[in-house]
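**Q** would you be able to build a 3D model of this:
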Amino acid sequence: MSGSLEQERVEQELIQLLTPDGERREHPDYRFTGSDEDIRGFYRDMVLSRRVDAEATALQRQGELGVWASSLGQEAAQVGSGRAMAPQDFAFPTYREHGVAWVRGVDPLRLLAMFRGVDHGAWDIEETHFGPYAIIIGSQTLHATGYAMGIERDGLVGTGDADRDTAVIAYFGDGATSQGDVNESFIFASSYNAPVVFFCQNNQWAISEPIERQSRIPLYRRASGFGFPGVRVDGNDVLAVRAVTAAALERARSGNGPTLIEAYTYRMGAHTTSDDPSKYRMADELEQWRLKDPISRVRTYLERGGLADDVFFAAIEAETDTLAAELRASCLALPEPALTETFDWVYAEQTPYLASQQAGYAEYVSTFEEEGVR
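**A** Presented below is the predicted three-dimensional model:
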């Protein structure tokens, strides 16, 4: 299929409420019901999460983080879906959902601490309802499905109580759809009518593997083979992502089972900081996607509609500078962990055997006289 025909097919299937030029669109099945204040909030979320991403990338380049997985270009997919969640909903991320973490109230310092190697990602899961980052590709989809099956059996689905009914959202990329775990989770979710939304950020590249080599059909159509609906949304349109995800989550909370959302977006940065995308993709492809930048289109909409002025944008820019400076200083000041702490993170309640191992190790370390040996 020629590039122009392929692009035409994508556009026909794509749910879009805000064009790259900042123009609002109507859709027969999905509407953005939020306010202008909500849209200004989305803009702020996206700008701040992008700055966190940029600062983390810079820190890694300077040797302060071991690695970093950039979310550059995927801010609308993450902020739109994250803002669609109810407080009681639970998210299971991969290792790239920095924007979702932001809107769920996770301190970005905790993300940097994990990639710096000084803790395991010690944010408050009970408070944020945002699970630990999953490094193993696709494994979190099974965790999400199992959790969703559990909340359904706990009577937290389909009660009609908006403060009680709960859904789960599982994030993964297009490359993960080739993993067995993801397809197994689809089977279990469908068979048990689990209240889970599978949110695939199709950023076009599974490291160096393009999407056309991964699937002969659009990813969202795979859902029909498992017996639940799939939908493709413009992943660079925060309003459309918000509307589509809200509908899918409400469907799950109401007891109508899973949905697959394919957020059609683009990874403008490297897969991780250990990757060089110039070796496998053309520069003009990146430039074409820059014209669809998720942040630029919201800014254009706000400016054209007179919904935000220079003072608003300047205040957010100043906020990003402050956030970046504080994040850098806090990251560099993170204390090195004591190896004895390793024993504290194995079980929720430490076993006598582990306690004795910890005590023995602490005694062994105490025999060293050199400073800094722990």
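**Q** distance-wise, check the residue most central in space within the chain relative to G150.
**A** The centroid of the chain falls nearest to E97 when counting by C-alpha atoms, centre = their mean (2.5 Å). Distance check for E97 against G150: by C-beta to C-beta, to the nearest Å, it reads 22 Å. To be clear about C-beta, it is placed using only N, CA and C from the backbone, and glycine gets the same treatment.
**Q** my read: R221 touches F228, true?
**A** No. Using C-beta atoms under 8 Å, R221 makes no contact with F228, being 11.9 Å away.
**Q** in stretch 101-110, what counts as buried?
**A** Residues of stretch 101-110 classed as buried: A101, W102, V103, R104, V106, D107, P108, L109, R110 (neighbour count, 16 or more other C-beta atoms under 10 Å).
**Q** er, stretch 147-156 I mean
**A** For stretch 147-156, a neighbour-count test (16+ other C-beta under 10 Å) marks Y147, A148, M149, I151, E152, L156 as buried.
**Q** quick one: which of these is nearest A355?
**A** Among those, Y147 lies closest to A355 (C-beta to C-beta), at 29.5 Å.
**Q** quickly list what the closest residue to the closest one other than its chain neighbours is bridged to.
**A** In this structure, Y147 finds its nearest non-sequential neighbour in V168, 5.6 Å apart by C-beta to C-beta, 6 or more residues apart in numbering. Beta-bridge partners for V168, by DSSP bridges, are F90, V196.
**Q** correct me, but V168 touches A252?
**A** Yes. Assessed by C-beta under 8 Å, V168 is found in contact with A252 at 7.3 Å.
**Q** which neighbours do the two have in common?
**A** Contact with both V168 and A252 is made by residues A148, A194, P195, V196, V197, according to C-beta atoms under 8 Å, 6 or more residues apart in numbering.
**Q** for the first one, which three-state class applies?
**A** In three-state terms, and counting by DSSP: H, G, I helix; E, B strand; the rest coil, A148 is helix.
**Q** distance-wise, check it relative to E126.
**A** Where E126 is concerned, A148 sits at a distance of 17 Å (C-beta to C-beta).
**Q** do the same with the last one
**A** Computed as C-beta to C-beta, the V197 to E126 distance reads 21 Å.
**Q** kindly report the same for the second one.
**A** A194 sits 21 Å away from E126, taking C-beta to C-beta as the criterion.
**Q** repeat for the fourth one
**A** When C-beta to C-beta is applied, the distance between V196 and E126 equals 19 Å.
**Q** compare neighbour counts for those two and give me the winner.
**A** When neighbours are counted by other C-beta atoms under 10 Å, V196 and E126 differ, and V196 comes out ahead with 35 against 5.
**Q** switch the buried residues of stretch 147-156 over to a markdown table; also include distance to A240 and pLDDT.
**A** Shown next, in a markdown table, are the buried residues of stretch 147-156 (distance: C-beta to C-beta, whole Å; pLDDT from 0 to 100):
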| residue | distance to A240 | pLDDT |
| --- | --- | --- |
| Y147 | 27 | 98 |
| A148 | 24 | 98 |
| M149 | 29 | 98 |
| I151 | 27 | 97 |
| E152 | 28 | 97 |
| L156 | 28 | 98 |
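**Q** will you turn the residues you listed into a markdown table that also has distance to P337?
**A** Converted to a markdown table, the buried residues of stretch 147-156 look like this (distance: C-beta to C-beta, whole Å):
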| residue | distance to P337 |
| --- | --- |
| Y147 | 28 |
| A148 | 33 |
| M149 | 35 |
| I151 | 33 |
| E152 | 38 |
| L156 | 36 |
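**Q** closest to D21 among the residues you listed?
**A** Nearest member of the buried residues of stretch 147-156 to D21, counting by C-beta to C-beta, is A148, at 38.2 Å.
**Q** the closest one contacts D154, correct?
**A** No. Using C-beta under 8 Å, A148 is not in contact with D154; the gap is 10.7 Å.
**Q** am I right that C200 sits in a strand?
**A** Yes. C200 forms part of a strand when assessed by three-state DSSP.
**Q** spatially nearest residue to it, not counting backbone neighbours?
**A** Counting by C-beta to C-beta, 6+ apart, E262 is the residue found nearest to C200 once chain neighbours are left out, at 5.0 Å.
**Q** and that neighbour, what helix or strand is that in?
**A** Element membership for E262 (DSSP states H and E) is strand 259-264.
**Q** residues in contact with that strand?
**A** Strand 259-264 is contacted from outside by 10, 14, 74, 77, 81, 186, 197-202, 218-220, 222-223, 228-236, 241, 244-245, 248, 251-252, using C-beta under 8 Å, 6+ apart.
**Q** related to what we said a few turns ago, distance of the residue nearest to the centre of the chain relative to Q201?
**A** According to C-beta to C-beta, E97 stands 9 Å off from Q201.
**Q** any shared contact partners between the two?
**A** Residues touching both E97 and Q201 comprise Q78, Y171, with contact defined as C-beta under 8 Å, 6+ apart.
**Q** more neighbours, R221 and F228?
**A** A count of neighbours by other C-beta under 10 Å puts F228 above the other of R221 and F228, at 20 against 16.
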